[in-house]
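In: Sequence plus the predicted model coming up.
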Amino acid sequence: MTDRTTVTMVTFKHPFILTPFDAPQPAGAYRMEVDEERIEGVSFLAYRRTTTMLHVPTVVHGQRGHKVYIIDFDELSRALEADALRAD
């Protein structure tokens with residue numbers, strides 16, 4: 001099987017929370033990686049999403065870094081839609 005990874009940025013205008021987080025995350029731009037595998041045996045090129053990861057900045061003992069969370073793509077999509085609809 002052929003795999004591919006797509007890297008994009010997602011931006012939240014307001015603090016948000018997703019299932020894997022212990023606390024709300026601040027508004028900002030976050031790196032998102034989507035891993036996909038090629039679907040074999042079909043007459044056209046098609047891929048299936050296997051993993052969605054969100055990189056969240058961290059500061060531990062004064063050191064900057066990031067933590068990678070495996071997230072649900074549909075939950076992220078709903079959170080982005082809700083963020084876009086917020087009036088404040």
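Out: Thanks, I have it. Residues are numbered from 1 along each chain as shown.
In: So what touches the helix or strand harbouring Leu80?
Out: Assigned by DSSP states H and E, Leu80 belongs to helix 73-85. Applying Cβ atoms under 8 Å, 6 or more residues apart in numbering, the contact partners of helix 73-85 are 10, 12-14, 16-19, 32, 34, 49, 52, 54. Heads up, the C-betas are built off the backbone N, CA and C, glycines and all.
In: how about Thr8, what does it touch?
Out: Counting by Cβ under 8 Å, 6+ apart, Thr8 touches 31-32, 34.
In: Quick check: it vs Glu81, distance?
Out: Between Thr8 and Glu81 the computed distance is 16 Å (Cβ to Cβ, to the nearest Å).
In: cool, Thr50 as well?
Out: 23 Å.
In: beta partners of the residue nearest to Glu36 when sequence neighbours are not counted?
Out: Nearest non-adjacent residue to Glu36, counting by Cβ to Cβ, 6 or more residues apart in numbering: Tyr47, 3.9 Å away. Legend: beta-bridge partners of Tyr47 under DSSP bridges are Arg38.
In: Then Phe12?
Out: Gly28.
In: what's near enough to touch it?
Out: 25, 27-28, 30, 79-80, 83.
In: gap between Arg49 and Asp3?
Out: Remark: distance between Arg49 and Asp3 (Cβ to Cβ) = 11 Å.
In: Overlap in contacts, these two.
Out: Joint contacts of Arg49 and Asp3 (Cβ under 8 Å, 6+ apart) are 35-36.
In: I'd assumed Leu45 was in contact with Arg4.
Out: No. The criterion here is Cβ atoms under 8 Å, and Arg4 misses it with Leu45 at 10.8 Å.
In: The contacts of Thr8, buried ones only, as a PyMOL selection?
Out: PyMOL command restricting those to the buried ones, with burial defined by 16 or more other Cβ atoms under 10 Å:
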select buried, resi 32+34
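In: Looking at the contacts of Thr8, which one is closest to His66?
Out: Using Cβ to Cβ, Arg31 is the member of those that sits closest to His66, with 7.9 Å.
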